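Visitor: Quick check, what structure comes out for this input:
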Amino acid sequence: MTAGHSLATVFLILQAGNSLAAETTSPLALERTILLPKVSGRIDHLGVDLGRRRLLVAELGNDTVDVVDIEAGKATDRISGLREPQGVAFEPASDLMVIANGGDGTVRMFHAQDLSPSGEVSLGDDADNVRVDRQHGQVIVGYGSGGLAIIEPSSATTLADIKLAAHPEAFQLEPKTRRLFVNVPNARQIAVIDLGSKRQIGTWRVPEVRSNFPLAIDEAGSRLITVFRSPPKLVLIDTSSGAVVASLTTCADADDVFFDSKRRRIYVSCGEGAVDVFQSDEAGARQLARVNTSSGARTSLFVPELDRLFVAARASLFGSEASILVFRPVH
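Guide: Purely as a prediction, here's the structure:
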């Protein structure tokens, strides 16, 4: 063997070793890909029915919601005839699926057992994100030019309506204080809502950034985790004062963020085709890795009970089908 061949062999061995090290040290491992046949256009939010081990996929561009059997790794049922479904959730007390439709402003309920219709609430315009208030068996839906509706799904009744300065995007409930933190990007604020009085009690602003869409909460650490798109920044906020704790650059076109309390990690899913993983600590946070996904795959759902991150990848112009990428956290 010549010296040139020896050097080339050593280089290949080192390159293989580096690739293997990168693969084994990544904080997220792609476990499987679940195809979503005959789904075109944008995919919006995801929900989960834990008892039945089912993932709920709001296929906005397809006017459908797919029900995915997580263990079988395939879509088993589909609800059609929707109007741009955006938010989707499972409310366990009533055993209902709740779907918010942006196209006609309706919130439609379906029996989770057989997917038969249960009821409908009309909010008038752009029904979007859905959050479940498990303590009261209710759902909270963001809609229109600035509103949050509190709905009792079993009776399809609107119990309260909270006004905001503009359309709400992501929002999170802090159970111990009954406060709701709401991203209101067009007003360049995070609204703090007291669910007891049903009114806004605080307005938090972060200067020099805009378009705050995703939002998560680290309740034990008293931190709000929000992501801005312009410029792309992950921002940690003290929930007791509204003060910024840390600000870090992240991937572009973020649409979801989740906090993994077991590992104290933050997952940011972005339309540029990546999930950024950050390690949260007392000082703030640091980036661990950027994990490649698929262009336009900005919607995700982290399910702590399953210890999995689900990322929705839309169908491409080159013929690849829409799918759910299932990531398993490592370490």
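
Visitor: what stretches of the chain score poorly on pLDDT?
Guide: Across the chain, residues meeting the criterion (pLDDT under 70) sit at 1-24.

Visitor: The residue lying closest to Val268 once chain neighbours are set aside and His167, how far apart?
Guide: Excluding the flanking residues, the one nearest Val268 by C-beta to C-beta, 6 or more residues apart in numbering is Asp276, at 4.4 Å. The C-beta positions use only the backbone N, C-alpha and C, and glycine is treated the same way. Taking C-beta to C-beta, to the nearest Å as the measure, Asp276 falls 25 Å from His167.

Visitor: When those two are compared, which one has more neighbours?
Guide: For Asp276 versus His167, neighbours defined as other C-beta atoms under 10 Å are more numerous around Asp276 (24 against 19).

Visitor: In a strand, that one, correct?
Guide: Yes: according to DSSP: H, G, I helix; E, B strand; the rest coil, Asp276 belongs to a strand.

Visitor: quick one: it from Phe90, how far?
Guide: Counting by C-beta to C-beta, the gap between Asp276 and Phe90 amounts to 27 Å.

Visitor: again with Ile99
Guide: Applying C-beta to C-beta, the value for Ile99 to Phe90 is 10 Å.

Visitor: So between these two, which is more surrounded?
Guide: Neighbours were tallied for Ile99 and for Phe90 using other C-beta under 10 Å; the higher tally belongs to Ile99 (26 against 21).

Visitor: Check which helix or strand the more buried one maps to.
Guide: Secondary-structure assignment from DSSP states H and E places Ile99 in strand 96-101.

Visitor: and that strand, what other elements does it pack with?
Guide: strand 85-91, strand 106-111, strand 130-133, strand 138-143 (3 or more C-beta pairs under 8 Å, 6 or more residues apart in numbering; DSSP states H and E).

Visitor: Sheet partners, orientation included, of the third one?
Guide: Here strand 130-133 has these sheet partners by DSSP bridges: strand 138-143 (antiparallel).

Visitor: contacting residues around Arg210?
Guide: Contacts for Arg210 (C-beta atoms under 8 Å, 6 or more residues apart in numbering) come out as 185, 188, 228-230.

Visitor: If we use 10 Å, what do you get?
Guide: Contact analysis of Arg210 by C-beta atoms under 10 Å, 6 or more residues apart in numbering lists 185-186, 188, 228-231, 233.

Visitor: Likewise for Thr157?
Guide: With contacts defined as C-beta under 10 Å, 6+ apart, Thr157 is in contact with 119, 121, 138, 150-151.
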